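# model this:
(one chain, ligands or ions: 2)
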Amino acid sequence: MAVVPASLSGQDVGSFAYLTIKDRIPQILTKVIDTLHRHKSEFFEKHGEEGVEAEKKAISLLSKLRNELQTDKPIIPLVEKFVDTDIWNQYLEYQQSLLNESDGKSRWFYSPWLFVECYMYRRIHEAIIQSPPIDYFDVFKESKEQNFYESQESVIALCTHLQQLIKTIEDLDENQLKDEFFKLLQISLWGNKCDLSLSGGESSSQKTDALNSLEDLKPFILLNDMEHVWSLLSNCKKTREKASVTRVYIVLDNSGFELVTDLILANFLLSSELATEVHFYGKTIPWFVSDTTIHDFNWLIEQVKHGNHKWMSKCGADWEEYVKMGKWVYHDHIFWTLPHEYSAMPQVAPDLYAELQKAHLILFKGDLNYRKLTGDRKWEFSVPFHQALNGFHPAPLCTIRTLKAEIQVGLKPGQGEQLMASEPCWWTSGKYGIFQYDGPL
Ligand SMILES: O=P(O)(O)OC[C@H]1O[C@](O)(CO)[C@@H](O)[C@@H]1O
Ligand SMILES: [Mn+2]
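Ligands and ions are numbered 1, 2, ... in the order given. Below is the predicted model of the structure:
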């Protein structure tokens with residue numbers, strides 16, 4: 001088994017992991033409790049007294065969770081029956097088995113950050129499913145929808161750009177097509193800045209026209225493997241037999257504006273024939289505040305279809321058609337909301353790993369995916385990405401990520417150290433981004 005460095009954790013006082021566990025996660029929990037308070041009358045209208053009792057129960061469970069976290073209590077097993085309860089509790093036992101006697105129990109400021117942060121979101125879900133009849137409620141729905149509503153101008157600009165592009169796409173030569181592809185990849189990258197867990201749930205919608213800021217943002221792309229992605233897909237297109245397929249998988253991140261940028265990119269992949277199918281992987285339960293669930297995916301396409309702008313509604317209608325025709329396929333799998341590093345997927349979710357092996361290219365959006373790809377460990381900056389993947393190679397893959405955690409590999413010698421010296425928050429502010437590819441060159 002390959003030697004891997006220690007995990008990021010709250011043991012490192014002052015680290016981004018520590019500050020997230022100490023400050024941001026309690027803030028997110030408080031916002032969830034406030035959201036439940038604000039829906040009290042809705043719960044009463046829908047469910048009567050039972051709904052109010054349920055709201056009270058969920059709030060008390062969440063307040064208990066917040067107290068456990070703030071007083072660094074031991075991590076306790078899940079108790080409510082759900083499809084992944086046993087897998088979670090096995091994982092808790094595994095984490096406990098890594099500790100020796102003197103370490104005591106797994107706890108918030110001691111265990112791996114990736115584990116405790118995922119556990120926190122899974123405990124929020126447990127509190128809700130323990131509180132029927134409001135056990136259907138998505139505590140993050142409002143903020144995901146608000147992010148979409150506040151980004152309307154940018155959404156209209158992107159839909160207009162795409163529809164104009166599609167009109168002329170047949171006349172573009174290779175280089176022009178590549179340039180357009182690179183523009184939409186960058187739009188999808190910077191769409192990842194709009195994530196609510198970094199902002200602690202505060203609004204982070206896209207207010208400016210993303211297209212016009214690409215040139216200014218280029219210096220903030222630290223690692224750029226877009227050429228590898230282009231050559232892989234353009235070769236697939238050139239060598240593809242008449243009836244065969246090119247499957248691009250997108251492991252989604254945030255709903256709202258970021259999801260629009262991903263669907264615009266997916267639309268272009270079909271229109272340019274760089275892909276013949278796009279498969280999307282979202283989250284089965286509400287996750288990391290803004291991550292996409294199937295409800296968010298369907299809701300957003302519906303909203304775009306009924307948008308009050310002709311090119312926006314044209315996009316929405318096309319997207320609905322792609323889903324109906326099976327050219328776009330949305331998949332749910334419980335693995336994406338487990339705490340495991342992706343290198344464990346072949347053992348934990350062999351069915352999913354086998355599915356990913358069918359892809360010609362997998363795009364992983366966002367920071368949490370990058371942390372799970374690299375195991376959220378303290379790798380040296382210049383360690384090759386292939387090594388940090390620690391055996392996770394289902395298919396050629398590329399991460400599209402803005403940096404929001406103290407982990408980055410594959411940098412040039414001295415590049416990380418230089419950024420550290422000039423801008424200490426370079427790897428946590430979301431200001432810098434990467435396209436990092438692993439696969440045949
Ligand atoms: O939505 P993204 O890009 O995965 O970002 C989520 C990231 O935001 C944070 O919540 C910020 O602390 C990280 O814990 C997490 O990796
Ligand atoms: Mn996210």
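# next one: phi and psi at residue 399?
Phi and psi for residue 399, reported as degrees, to the nearest 10, are phi -90, psi 140.
# Output the set of residues of this structure in proximity to ligand 1.
Contact residues (Cβ under 6 Å from any ligand atom) of the chain with ligand 1: 20, 24, 117, 192, 195, 197-198, 253-254, 288, 366-368, 371, 404-405. Heads up, the C-betas are built off the backbone N, CA and C, glycines and all.
# Cross those against strands and list the overlap.
Counted as lying in strands by DSSP state E, out of the residues of the chain next to ligand 1, is not a single one.
# pLDDT-wise, what's the bottom of these?
Scanning those for pLDDT, the low point is residue 198. It has 61.
# Surely residue 346 is in contact with residue 353?
Yes: Residue 346 lies in contact with residue 353 (Cβ atoms under 8 Å); the separation is 4.8 Å.
# Enumerate the positions of stretch 407-414 that are buried.
Along stretch 407-414, these residues count as buried under the neighbour rule (16 or more other Cβ atoms under 10 Å): 407, 408, 409, 410, 411.
# Just confirm the second one is within a helix.
What it means is residue 408. No: with DSSP: H, G, I helix; E, B strand; the rest coil as the criterion, residue 408 is coil rather than part of a helix.
# Now it. Nearest residue, chain neighbours left out?
Of all residues not flanking residue 408 in the chain, residue 427 sits nearest, at 5.5 Å (Cβ to Cβ, 6 or more residues apart in numbering).
# ditto for the fourth one
Across the structure, with Cβ to Cβ, 6+ apart as the measure, the residue nearest residue 410 apart from its sequence neighbours is residue 385 (4.1 Å).
# list the contacts for that neighbour?
Contacts for residue 385 (Cβ atoms under 8 Å, 6 or more residues apart in numbering) come out as 374, 409, 410, 436, 437, 438.
# On the pLDDT front, check it for me.
Residue 385 carries a pLDDT score of 98 in this model.
# One more: residue 166?
Residue 166 is given a pLDDT of 98.
# in the chain, which spans are strands?
Counting by DSSP E, the chain has strands at residues 221-224, 247-251, 277-281, 328-331, 361-365, 397-402, 433-438.
# ok, and which of these has the densest surroundings?
For these, the largest average neighbour count (mean count of other Cβ atoms under 10 Å) is found in strand 397-402, namely a mean of 26.
# Convert the C-alpha atoms of that one to CSV, please.
C-alpha atoms of strand 397-402 as CSV (Å, rounded to 0.1, in the frame of the first residue of the first chain):
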residue,chain,number,x,y,z
LEU,A,397,-10.2,12.7,-15.3
CYS,A,398,-9.9,16.5,-14.8
THR,A,399,-10.6,18.5,-11.7
ILE,A,400,-12.2,21.9,-12.2
ARG,A,401,-11.7,23.6,-8.8
THR,A,402,-11.3,26.9,-7.1
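# Just checking: what are the partner strands of that strand?
Strand 397-402 has the following strand partners under DSSP bridges: strand 361-365 (parallel), strand 433-438 (antiparallel).
# now what about the first one, what contacts it?
The contact list for strand 361-365 (Cβ under 8 Å, 6+ apart) reads 188, 192, 229, 232-233, 248-254, 258, 262, 356, 370, 373, 394-401, 439.
# from what I can see residue 282 touches residue 296, true?
Yes: using Cβ under 8 Å, residue 282 is in contact with residue 296, at 7.3 Å.
# Overlap of the contact sets of these two?
Residues touching both residue 282 and residue 296 (Cβ under 8 Å, 6+ apart): there are none.
# Report back the residue of the chain that's furthest from centre.
Most distant from the centre of the chain: residue 49, at 36.8 Å, with distances by Cα atoms, centre = their mean.
# Residue 170 - how many residues pack around it?
By the criterion of other Cβ atoms under 10 Å, residue 170 has 7 neighbours.
# Would you mind confirming that residue 62 makes contact with residue 32?
Yes: taking contacts as Cβ under 8 Å, residue 62 lies within contact range of residue 32: 6.0 Å.
# Identify the contacts common to those two.
residue 124.
# I'd like the contacts of residue 385 written out as JSON lines, with pLDDT added.
Shown next, in JSON lines, are the contacts of residue 385 (pLDDT from 0 to 100):
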{"residue": "374", "pLDDT": "98"}
{"residue": "409", "pLDDT": "98"}
{"residue": "410", "pLDDT": "98"}
{"residue": "436", "pLDDT": "98"}
{"residue": "437", "pLDDT": "98"}
{"residue": "438", "pLDDT": "98"}
